[in-house]
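>>> here is my input, please return the structure:
(4 chains)
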4 protein chains.
Amino acid sequence: MLPRGDTVVWAERGGPAVTNLPATGYMNLADIEAAARAVVPPPQWDYIAGGAADETTLAENSAAYRRIRLRPRVLRDVAQRDLTTTVLGEPIAFPVLLAPVSPLSLACPQAELLAARAAAQAGVRMIAPTQGAHTIHELAAQATAPLWFQLYPSCNRAVTEALIDQAQAAGCTALVVTLSAFYASFRERDRRSGYSVPAELWAANLLHLPGVRPDDPDFDRVLPITWADLAWIRARTTLPLVLKGIMTAEDAELAVEQGIAGLIVSNHGGRQLDGTLPTIEALPEVVEGAAGRCEVYLDGGIRRGTDVLKALALGARAVCIGRPYVWGLAWNGEAGVLRVLEQLRSELDSAMAQMGRRTIADLDR
Amino acid sequence: MLPRGDTVVWAERGGPAVTNLPATGYMNLADIEAAARAVVPPPQWDYIAGGAADETTLAENSAAYRRIRLRPRVLRDVAQRDLTTTVLGEPIAFPVLLAPVSPLSLACPQAELLAARAAAQAGVRMIAPTQGAHTIHELAAQATAPLWFQLYPSCNRAVTEALIDQAQAAGCTALVVTLSAFYASFRERDRRSGYSVPAELWAANLLHLPGVRPDDPDFDRVLPITWADLAWIRARTTLPLVLKGIMTAEDAELAVEQGIAGLIVSNHGGRQLDGTLPTIEALPEVVEGAAGRCEVYLDGGIRRGTDVLKALALGARAVCIGRPYVWGLAWNGEAGVLRVLEQLRSELDSAMAQMGRRTIADLDR
Amino acid sequence: MLPRGDTVVWAERGGPAVTNLPATGYMNLADIEAAARAVVPPPQWDYIAGGAADETTLAENSAAYRRIRLRPRVLRDVAQRDLTTTVLGEPIAFPVLLAPVSPLSLACPQAELLAARAAAQAGVRMIAPTQGAHTIHELAAQATAPLWFQLYPSCNRAVTEALIDQAQAAGCTALVVTLSAFYASFRERDRRSGYSVPAELWAANLLHLPGVRPDDPDFDRVLPITWADLAWIRARTTLPLVLKGIMTAEDAELAVEQGIAGLIVSNHGGRQLDGTLPTIEALPEVVEGAAGRCEVYLDGGIRRGTDVLKALALGARAVCIGRPYVWGLAWNGEAGVLRVLEQLRSELDSAMAQMGRRTIADLDR
Amino acid sequence: MLPRGDTVVWAERGGPAVTNLPATGYMNLADIEAAARAVVPPPQWDYIAGGAADETTLAENSAAYRRIRLRPRVLRDVAQRDLTTTVLGEPIAFPVLLAPVSPLSLACPQAELLAARAAAQAGVRMIAPTQGAHTIHELAAQATAPLWFQLYPSCNRAVTEALIDQAQAAGCTALVVTLSAFYASFRERDRRSGYSVPAELWAANLLHLPGVRPDDPDFDRVLPITWADLAWIRARTTLPLVLKGIMTAEDAELAVEQGIAGLIVSNHGGRQLDGTLPTIEALPEVVEGAAGRCEVYLDGGIRRGTDVLKALALGARAVCIGRPYVWGLAWNGEAGVLRVLEQLRSELDSAMAQMGRRTIADLDR
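Modelled structure (predicted):
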């Protein structure tokens, strides 16, 4: 009797539609996590899900968002929201990036390729990992958008140089240097299970570097990088550098002085040092240290669109997700990643509207 | 042997009676909730009980009261308490209002009519919903006291005008504009159950508006209202306006400047945006923003007379209850609503006496 | 081979003995509570154990002590401790009083008499209740030490006068006016069980007042007392007055101005108004309000000797226990009360030694 | 195909190895605790594991570390860490000491000897207990490194003098006077079990003192020591004195004035007075009181390398472990103690690297 269209009407207590998600078969990120867990064998699941030692930082990364309270504004014109933003000057559809995860192929075959395609299709940026089952060229061939390349520098500089060259040749537009995993950590789930990632899941880039051979010295040793090494990398490339693993204002200031373009507040998803601040609580001081002279991102614990909104309101330009898109891959491949991204986008859009903010730039403390 | 009257004597450690409740078959609001749950089918129950996303705001709305501690005063003359007060100048028996709930008829048939009668009988005010199974005229015919009318403005101004006209014609004495539900939210219980409220439970007012037809453009679309729209509404009616959904001092100040008569601190019962402040924690800043220039009410989480007292002590003129009276309806219809109201009144009266306060005006921080 | 005497030797890591408790069959107050629960029927147990409404204050009264941390001092000469102190100038063996509990005979027959004897034997003061199964004269006949008398004033002044006269005639040395239970509360356990205390358990004093008859007006109605009534009581007796139920600095100051000799910080064991401060958190402001011009005691939640020590350190002159000695009575009559008192005394003595305090006067913040 | 050596390579996300622990059969301290519990009979286990009264301090000693958050620094040259430090000028391999535990032989036969050997082998210091199944000479004969001697002074000064003489003759390099256990405590597990440590497990030193006989007066009575007694001890020996059980800045200052060389912040592992501050929360004020004029150590609750790091960052020069090495002994004797020490060392080394600290001296707040 009453007209029922695709848009939200009175019976649903809404105004303009803020979601493209189906009403039936609804799944939030926790549901997708459960679906993924059902298909990944326990040792691999533990490798993905686990954190260091007592996993308190792992738990805190998410829990800390629940201690931040929202103050919604009303009666503003937010009928049409605009979630687009830029990262390092590159436009993206909404402020979520795919963090580098190694090895992604624990989730499903060809995981890197599927994730690269999903990111491009959703209009967001993927940070392609050094360590995976496919080379950066293979990923770039699948993606219809530029990739950023995560760099684990090697103790052998020739390896590092070759990695940088490959990334540039593949069209990557930024190098993300991971700082938070140079030292072995106490990931007790893995130590108990004895699970060790097979080479075919992580060594593709390394095995296909021109001029590099497995019997070269330090061929596969990650460099415990210092500021001096970083200066050398910076001199070696024209790509903007992003540092992943900055947790203090002091290091943010040092990075700015070195001409770094972006910082990712990260504790490596709680996988390295148990007991650090959750990233959302370290974010404000890093933003203060950066003082607008470089962009600041965050990863760790994002499970809801309101988490994204809270990070942006506290000064992040965008957030990275890790485990959630691995769950999407394990559950449903490329479509699963798209579903995870759309869920976050929809939730963020709804939260923006209800906070009375029309654009990403409107978000403040 | 000893005289035992209806009043409280030594054996019960009391002075003057503060309750009309029976000693046996005692039920507090949690008991009535349990009784209601036993008779409402799960999808409808979830629609009533559920909140947005992880339901943290839903839980916090109630939990926050337990963090507020009372400092009782003694030896004052509080033998006779006076719980009467006024809202927008209208006298009420005690400072509790029935919040607009849509659709109330999930609880039982003719729920709006029963609630309207119970409110009038108890001497409190009901805020009649835009969306229900009965028109505002039908509610007004049952109530022996004036109603306030909750207004969801329409994208079609003719619809809005007709709604306002009907409310005035039915003798409503205030318009309560709901601000907190213009955008679809993530009420996951409903998304999972697929429950959709049938039109006969929510569209009565809409289908009986003179001069409005279901095929008019935007007939059933709620307007995402702005300050400009509000100014238009204000110019359109002589009724005092109340805004439901103010959560910040800034918006309270803007509302006062627009000549608004009352503000309801509300996060829509935790049903819209998960992660907002609980209403009792937002109340102080809204009271400060209003600065005595308009009345401030609160809804969300009230389950005890001491919760009412805490809200009044923090500056609320009255509180609104939602789910509790729906439980009363589901359990026992009109009598159930009366029982819920009497329980809160009795608990408030007891709390007033034990705090050493004789009148509502005596309550302070 | 090695000498093992009654005193503590190296094997037990101690110096001078601080306990007379047997090593076997050890029971702390929680054990005695469990033993009592095993013998008291549920409705009576609920009457004793229950609190008002959601029982949050009941729980907080005890839990609050766990948030107070001790800073022990070392290397002081505390080989011999002295736990004696005075209340209203009367010497007691250690700073614990038996709070007035009505009706005590829920625990066991002749409970008032047994408690009065135990208190006298342990060298502490009992506050004899207005309401019990025995008259104040019967209690006084059993006790080898003076009693204090708890006064619930009556709406009929002749009754109040007669009660005061009887207390004085029985040799009581102070009147404790209870302020925290003039109004009926929401003790939901009792409302559900329908348990009502029979007259023979509470009305002994009332039925044996000379010149008072059960058909006198207001014979059994407790007076909701005011400052004016209190002034009348003060003029009516030469006994020092103690007020039970002071929770604020403001009321403490008013009491001092009225010449009150002592204040008991009390929320009636969480039985009257749910949501008040726990007593140990209200104590500091009452001590500040009293400013040394009258003595301050505390009741509610004491379960360990360290709880006593914390209250004394925060300014209490002594503490009152209620439920713990009822447990002692139910478990083992007079010996049970002595056991409860000795447990607290021993724990307090041990705590004093380990805090480096030799006397009660040495305790400070 | 890829070279896999003993060092950490890319697949394990690490740089230089920070651990010598085997990847399989991994055990953290909680695992070793569980293994120990499986072999120790309940009464003895309770004696080891239990604390005073409600065991809140016992639990808090560990829980308090989880409330301290780490702020890691990055990009520093920490490829090679140096965990060596000194205590009272004596070099140790890493800043962990074995606390005096009595009687250690509850864990296994010859426990003192095994622990002394393990400590020497691991390059750390053991504080040998007064009370054990072996004399200090027997321990010294096993250890390839100096011991410190814990002194429980006796009420009989001849006994105390003989104990000091024996410790010096055995080559001990410091006397650790325990202050926190002069008075019997409420260790309720032991009071319930009735467990009493047999003399052969604790009295070896006492029974082998030259010139002392069991029928001497006060032969086996521990002295409740005062500052005056301490001055006497200090005059009696040339060994540096360490006080175990300092919990306040005031006592730290007094100790410094007496020329004490070191302070151990300790609440006796939560075994004496329930309700004290956890040691990690008392540490800062003791460090402040010492003001660099003597060394400050800490014991209680250390279960992770990050706990050690937090204590060092807050000013401790080293930490003592008690129960953890008892677990090691019970589980696997000398090798078990070595395993416990290596686990803590490895975790500390990893935490140092990830905090960007190369040496112990680099640790700060």
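>>> tell me the contacts of A:Ser62?
Contact analysis of A:Ser62 by C-beta atoms under 8 Å, 6 or more residues apart in numbering or on different chains lists A:301, A:303, A:307. The C-beta positions use only the backbone N, C-alpha and C, and glycine is treated the same way.
>>> format these as JSON lines; extra columns: neighbour count.
Shown next, in JSON lines, are the contacts of A:Ser62 (neighbours: other C-beta atoms under 10 Å in any protein chain shown):
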{"residue": "A:Gly301", "neighbour count": "27"}
{"residue": "A:Arg303", "neighbour count": "22"}
{"residue": "A:Asp307", "neighbour count": "28"}
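>>> as CSV, these with pLDDT, distance to chain D and secondary structure would be great.
CSV is the format used below for these (pLDDT from 0 to 100; distance: C-beta to the nearest C-beta, whole Å; DSSP: H, G, I helix; E, B strand; the rest coil):
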residue, pLDDT, distance to chain D, secondary structure
A:Gly301, 97, 15, coil
A:Arg303, 98, 21, coil
A:Asp307, 98, 19, helix
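>>> now the residues you listed as a markdown table including distance to B:Cys294?
Shown next, in a markdown table, are the contacts of A:Ser62 (distance: C-beta to C-beta, whole Å):
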| residue | distance to B:Cys294 |
| --- | --- |
| A:Gly301 | 40 |
| A:Arg303 | 39 |
| A:Asp307 | 35 |
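>>> distance to chain C added to those, as JSON lines?
Shown next, in JSON lines, are the contacts of A:Ser62 (distance: C-beta to the nearest C-beta, whole Å):
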{"residue": "A:Gly301", "distance to chain C": "29"}
{"residue": "A:Arg303", "distance to chain C": "31"}
{"residue": "A:Asp307", "distance to chain C": "31"}
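>>> and which of these is nearest to D:Ala184?
Proximity to D:Ala184 was ranked across these by C-beta to C-beta; first place goes to A:Gly301, at 48.4 Å.
>>> thought the closest one was touching A:Ala282?
No: between A:Gly301 and A:Ala282 there is no contact under C-beta atoms under 8 Å: 11.6 Å.
>>> so which strand or helix has A:Tyr297?
strand A:295-299 (DSSP states H and E).
>>> can that strand be said to contact chain D?
No: for strand A:295-299 and chain D, the contact criterion (C-beta under 8 Å from any C-beta of the partner chain) is not met; the two come no nearer than 14.9 Å.
>>> list the buried residues in that strand.
A:295-299 (16 or more other C-beta atoms under 10 Å in any protein chain shown).
>>> going by distance to A:Leu277, which of these wins?
Nearest to A:Leu277 among the buried residues of strand A:295-299, with distances taken as C-beta to C-beta, is A:Leu298, at 11.8 Å.
>>> quick check: the closest one vs A:Tyr65, distance?
From A:Leu298 across to A:Tyr65, the span is 11 Å (C-beta to C-beta, to the nearest Å).
>>> mutual contacts of the two, please.
Contacts common to A:Leu298 and A:Tyr65, judged by C-beta under 8 Å, 6+ apart, are A:Ile280.
>>> which parts of the stretch 1-150 of chain A are helices?
Secondary structure of the stretch 1-150 of chain A (DSSP state H, counting those that start in this stretch): helices located at A:29-37, A:42-49, A:56-63, A:111-122, A:136-142.
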